[in-house]
Structure formats: C-alpha cells, structure tokens
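**Q** Model the following, please.
(one chain, ligands or ions: 2)
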Amino acid sequence: MSTLRLPAPAKLNLMLHITGRRADGYHELQTLFQFLDHGDELTFTLRNDGQIRLHTELPGVDHDSNLIVRAARLLQSRSGCPLGADIQLLKRLPMGGGIGGGSSDAATTLLGLDHLWQTNMGEDCLARIGLELGADVPVFVRGRAAFAEGVGERLQPVELSEPWYLVIAPQVSVSTAEIFSDPELTRNTPAITVRSLLAGGGHNDCQPVVEKRFPEVRNALNLLNKFVPAKMTGTGACVFGSFPNKAEADKVCRQLPADMPGFVAQGRNISMLHRKLKELEQEVNA
Ligand SMILES: C[C@](O)(CO)[C@H](O)COP(=O)(O)OP(=O)(O)OC[C@H]1O[C@@H](n2ccc(N)nc2=O)[C@H](O)[C@@H]1O
Ligand SMILES: Nc1ncnc2c1ncn2[C@@H]1O[C@H](COP(=O)(O)OP(=O)(O)OP(=O)(O)O)[C@@H](O)[C@H]1O
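**A** Ligands and ions are numbered 1, 2, ... in the order given. Next up is the predicted model:
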C-alpha cells in the first residue's frame with residue numbers, strides 16, 4: 001500500500017505535579033496521560049526520491065520546523081531509508097492548547113512512516129527518537145494511558161476509567177517554555193506513588209501561573225466549574241471536566257459562548273493510532 005491515513009489523537013494531563021528541576025533547566029514531573037478519541041489526521045503517500053513534503057501550512061510554523069517534517073527526517077536519517085513521503089495534515093487540535101497536537105503529529109509520523117517505509121525500527125527506538133523531538137512524544141508513540149515521571153518519558157501504563165470529557169479551548173496559545181520559566185511556578189510538590197494518585201486525584205501545578213497570565217483560561221475554568229470540577233491540561237490553554245455520559249457533556253458544550261469553543265470526546269486508554277495500526281496489521285495477515 002502506498003498511501004496511509006492515520007489519526008493523531010489528543011491527550012489530557014489528568015494531573016501534573018512538578019517535583020523538581022534538572023541542571024539542564026528541564027522540569028521533573030509526575031503526570032497522568034490519557035488519550036481522547038478526537039484529534040488531527042495525517043495522510044502519507046510514498047515518494048521514491050527521498051523528499052519529505054508537507055502540503056499543509058500551519059500559521060507561524062515554517063515547513064522545515066514543523067514537527068511532522070522534523071520527525072520524518074529524523075526517522076530517515078536514523079534508519080538510512082532512501083524513501084520519502086508527501087504528507088497532508090487535517091488540523092483539528094488547537095495549537096498551544098496543552099492537548100499535545102504537535103507531539104501527536106510527530107508520533108503519528110514516526111509510526112506511520114515506519115510502517116510505510118517498512119523500516120521496522122521497533123517501539124523502543126521510535127520512542128527514543130520521539131523524545132528528541134519533545135517530552136510528550138514518547139507517550140504518543142507507546143499509545144497507552146500512562147503515569148509519567150522524569151521529564152515525561154518514564155512511562156508506567158495504567159488502566160483508567162474512560163469517561164466523556166468536555167474540553168474548552170480558550171482562544172489563546174500558551175507557550176510551554178514560558179510557563180516553565182515563570183519564577184512563580186511551584187517546583188517542589190512532593191512526589192507521590194501511582195497508587196495514592198489513582199486513589200485520590202492530583203492537581204496541575206501550572207494552572208495558577210497560567211490563570212494569572214491568561215484571564216481567558218480563568219474564565220473557562222470558572223464556567224466549567226459551575227457544572228463539574230474543572231482542571232487545566234498540560235501548560236494550557238485547554239481546560240476539561242468529566243461527565244457521566246455523552247449527552248450531559250454535549251448539553252453543556254452547546255451552551256458555551258462563541259469565544260470559548262469546546263468539544264466532547266471520550267477518554268481512551270489505547271490511542272486511536274494504535275487501534276488503527278492494529279487493524280492494518282490484521283488486514284495484512286488475513
Ligand atoms: C507540560 C507537558 O505537556 C506535560 O505533558 C509536557 O511536559 C511538555 O511537553 P512538550 O510540549 O513536548 O515540551 P518540549 O517541546 O519538550 O519542551 C518545551 C519547553 O518546555 C520546557 N519543559 C518541557 C518539559 C519539561 N518536563 N520541563 C520543561 O522545562 C522547556 O523549557 C522546553 O524548552
Ligand atoms: N505539527 C504541528 N502541530 C502543532 N504545532 C506545531 C507543529 N509543528 C510545530 N509546532 C509548534 O509547536 C508549538 C506547540 O504546539 P502543540 O500543539 O503541540 O502545543 P501544546 O498542545 O501546548 O503541546 P503540549 O501539550 O505538548 O505542551 C506550536 O505553537 C507550533 O509553534
């Protein structure tokens with residue numbers, strides 16, 4: 001097959017504790033990742049001339065610095081593969097939203113091209129390549145809901161309930177680097193065990209800093225808190241709350257003001273990307 005269409009799902013950080021800072025400035029954290037059944041979509045078509053061409057432009061991101069192109073080139077150089085690809089992106093996820101759009105696009109590119117080019121690099125190698133592109137890429141490569149430590153790369157798969165979430169996307173883009181460099185950020189939350197976490201929640205240490213800088217995020221949290229407990233994901237801007245069923249989440253979603261668009265999606269412990277790749281493997285083996 002020379003064309004492949006694959007999902008790049010969003011993630012939520014159900015909690016995010018910052019437990020320290022490394023000498024290189026990166027932060028040690030503890031976070032719980034779950035995927036959503038909502039995301040971007042990428043289409044890969046094989047090229048024999050070795051060129052990587054992304055045919056969709058993103059505002060403010062030039063072709064060569066797009067994480068999709070960077071992921072494709074890194075896989076090419078690590079595998080020595082002479083093949084290339086034409087790539088189309090259907091962008092649904094807000095950029096700088098804390099739901100991992102860019103990281104998920106990068107992971108889908110690594111797995112998609114590994115499949116198309118038949119480079120057979122293996123998941124461990126692809127996760128290592130992913131980490132060079134961003135702290136959030138490895139969890140998308142692994143495709144399992146996970147408790148993460150280190151800078152987000154030490155992953156322990158977890159089995160979570162799969163509720164319906166309403167995600168609100170305030171119309172601001174939050175820079176992850178800026179939030180992590182804010183002097184007011186709490187960086188000394190005591191480490192907890194995964195067991196105590198699963199028993200009792202957790203919070204997001206980035207939330208107070210983002211709320212202070214972005215009133216749009218504070219307003220979205222206040223609005224959602226009227227219905228269910230609301231939290232921010234990652235370094236924002238998106239906020240989310242869980243609902244007992246889709247109908248209740250949809251009802252609140254319909255009431256959102258125009259400057260606070262939202263979407264409803266189900267939490268998933270196995271990413272849609274991995275479901276799709278498994279289906280493809282089963283087709284080949286049938
Ligand atoms: C906040 C999270 O979204 C939680 O899932 C991630 O840890 C961020 O992951 P990401 O977007 O892939 O971030 P990267 O592209 O690796 O890093 C962006 C910037 O955020 C800061 N950064 C990121 C991750 C981390 N553990 N400590 C940091 O201090 C660094 O200044 C870095 O330059
Ligand atoms: N394919 C891509 N999709 C989105 N952003 C990209 C992409 N490639 C590069 N970028 C750059 O990365 C930045 C962060 O994008 P992203 O959508 O991953 O943010 P995020 O959701 O806050 O991520 P995270 O949750 O990992 O912190 C963008 O503002 C953009 O400049």
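
**Q** could you pull out the strands for the stretch 1-150 of the chain?
**A** Ranges of strands in the stretch 1-150 of the chain, per DSSP state E, counting those that start in this stretch, are 3-21, 27-47, 52-54, 84-90, 146-149.

**Q** I meant to write the stretch 151-286 of the chain there.
**A** Counting by DSSP E, counting those that start in this stretch, the strands of the stretch 151-286 of the chain are 154-157, 164-168, 231-232, 239-243, 262-268.

**Q** Helices of the protein, residue ranges please.
**A** 67-79, 101-116, 123-133, 137-142, 176-180, 194-200, 207-213, 215-225, 246-254, 272-285 (DSSP state H).

**Q** Can you flag the weakest of these by average pLDDT?
**A** Lowest mean pLDDT within the helices of the chain: helix 194-200, at a mean of 79.

**Q** on that earlier part again, reformat the strands of the stretch 1-150 of the chain as TSV; add mean neighbour count.
**A** C-betas here are computed from N, CA, C, even on glycine. Below are the strands of the stretch 1-150 of the chain laid out as TSV (neighbours: other CB atoms under 10 Å):
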stretch	mean neighbour count
strand 3-21	22
strand 27-47	22
strand 52-54	19
strand 84-90	19
strand 146-149	22
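
**Q** circling back to that earlier point, of the helices of the chain, which approaches ligand 1 most closely?
**A** Smallest distance to ligand 1 across the helices of the chain (CB to the nearest ligand atom): 3.6 Å, for helix 176-180.

**Q** Of all the residues in that closest one, which ones are buried?
**A** By neighbour count with 16 or more other CB atoms under 10 Å, helix 176-180 contains the buried residues Thr176, Ile179, Phe180.

**Q** ditto for stretch 116-134
**A** Taking 16+ other CB under 10 Å as the criterion, stretch 116-134 shows 116-117, 119, 121, 123, 125-131, 133-134 as buried.

**Q** Distance of whatever residue of the stretch 1-150 of the chain ends up closest to ligand 2 relative to Val137?
**A** Distances between the stretch 1-150 of the chain and ligand 2 by CB to the nearest ligand atom are smallest at Gly102, namely 2.8 Å. For Gly102, the distance to Val137 equals 9 Å [CB to CB, to the nearest Å].

**Q** Settle it for me: which of those two has more neighbours?
**A** Using other CB atoms under 10 Å as the criterion, Gly102 and Val137 rank with Val137 on top: 29 against 25.
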